[in-house]
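Q: okay, sequence plus prediction incoming.
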Amino acid sequence: MRTKLLIVLAISLILPASAFPQRPRRVVTNEMRTENAPAPVLWRNPQGIANRNVFYGSGGKAGQPAGRFRFIEEDKGGTSPKFIVEDGRGVRWKVKLGQEAQSETAAARLLWAAGYFTDDVYYLKAARIVGLTRLSRGQEYVSMDGTIRGARFERREKSIKKVGDWSWYENPFVGTREFDGLRIMMAMINNWDLKQANNGIYNVGGRELRYVVTDLGATLGKTGGNWSRSKNDLKDFIRSNFIEEVEPTTVDFVMNTRPPLVYAVAVSYYSKRSRMENVTEDIPLANARWMGRLLSGLSLEQIRDAFRAAGYTPDETNAYARKIRERIQQLSRL
């Protein structure tokens with residue numbers, strides 16, 4: 001039995017390097033081959049980046065959830081407690097409770113500020129939900145009168161339809177500076193959950209196919225294996241490193257996702273988690289410098305707004321913002 005376990009462990013150690021490509025590969029999707037199909041887009045130039053309203057993000061001030069919230073149904077997918085509500089204007093929202101509500105909101109603001117598409121999300125410290133039934137998860141965040149505490153609201157837009165997901169290793173944007181910039185942003189916010197299922201392709205009114213990182217909750221902590229990683233943890237984020245290694249033409253950013261060795265017996269899981277470390281490796285220096293120049297256009301106050309919008313305290317906001325600013329400066333010095 002011990003011999004078999006050692007063999008499995010040995011195989012699992014070499015599997016991430018031998019079984020998976022070290023570099024992403026550019027592919028053309030079926031949607032792109034179809035005549036008059038919507039064009040795939042990943043990024044839009046944030047012209048006037050210094051004037052972007054990072055506090056309200058992609059949805060803007062007018063897009064906030066408003067009025068009376070009515071419970072529709074619970075969503076039992078994923079690891080965080082979630083449910084659907086409708087606001088006073090008839091807009092539906094997916095509400096997420098728990099540890100990821102703040103980190104996802106702040107991370108979405110930062111990606112949007114850099115020109116990437118995100119879901120329209122808002123953080124509410126408290127909201128009363130009419131007709132809220134007992135939840136199978138997250139009931140500890142609900143008061144007797146149906147008031148929830150610390151919630152991320154994600155807009156459910158009828159004109160935007162999710163048509164699939166996309167891979168970090170095979171997509172239409174591989175090799176572009178915009179895609180490399182997104183890879184850098186994942187390291188910037190310490191996103192350790194880089195599963196394909198967390199990336200969505202949205203058909204927007206038949207005009208374009210937006211490639212979006214749709215789940216940003218596992219961020220703003222520390223990357224690592226199952227027992228060492230964290231999310232929405234200021235102390236861990238402050239202590240974490242950003243740049244792993246600089247070569248003459250490329251740079252690797254820190255992304256520790258390999259599970260502890262005891263998980264190697266689950267070969268598929270171990271391999272998938274280990275493979276995620278490749279997402280932030282071998283990024284051309286020129287593209288990293290481009291991202292540094294772009295992000296340098298954000299003021300410290302704008303970066304603070306990303307964390308204010310997510311309900312962090314003034315001290316937490318300042319500490320997170322200073323760390324993000326420090327990472328931007330590291331990019332600029334490459």
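A: Perfect, thanks for sending it. Residues are numbered from 1 along each chain as shown.

Q: helices and strands around the host helix or strand of Gln329, which ones?
A: Gln329 is part of helix 314-332 when elements are defined by DSSP states H and E. For helix 314-332, the helices and strands in contact under the criterion 3 or more C-beta pairs under 8 Å, 6 or more residues apart in numbering; DSSP states H and E are helix 177-188, helix 234-239, helix 285-295, helix 300-308. The way it works is simple: take the backbone N, C-alpha and C, and place the C-beta from them, glycine included.

Q: if we go to 6 Å?
A: helix 234-239, helix 285-295, helix 300-308 (3 or more C-beta pairs under 6 Å, 6 or more residues apart in numbering; DSSP states H and E).

Q: next, format the ones you listed as JSON lines and append mean pLDDT.
A: Below are those laid out as JSON lines (pLDDT from 0 to 100):
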{"stretch": "helix 234-239", "mean pLDDT": "98"}
{"stretch": "helix 285-295", "mean pLDDT": "98"}
{"stretch": "helix 300-308", "mean pLDDT": "98"}
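
Q: nearest to Leu111, out of these?
A: helix 300-308 (9.6 Å; C-beta to C-beta).

Q: Ser136 is in what secondary structure piece?
A: Going by DSSP H and E, Ser136 is not part of any helix or strand.

Q: do you know how far it is from Gly63?
A: Between Ser136 and Gly63 the computed distance is 30 Å (C-beta to C-beta, to the nearest Å).

Q: for Asp215, same thing?
A: Distance from Asp215 to Gly63, by C-beta to C-beta: 20 Å.

Q: who has more neighbours, those two?
A: Asp215 (23 against 15; other C-beta atoms under 10 Å).

Q: OK, contacts around that one?
A: Residues near Asp215 by C-beta atoms under 6 Å, 6 or more residues apart in numbering: Asn198.

Q: what's the separation between it and Arg156?
A: In terms of C-beta to C-beta, Asp215 sits 15 Å off from Arg156.

Q: next: Ser136.
A: 21 Å.

Q: in three-state terms, label the closest residue to Leu220 other than its chain neighbours for me.
A: Spatial nearest neighbour of Leu220, excluding adjacent residues (C-beta to C-beta, 6 or more residues apart in numbering): Ser103 at 4.3 Å. Counting by DSSP: H, G, I helix; E, B strand; the rest coil, the backbone at Ser103 sits in helix.

Q: fine by me, we can end here.
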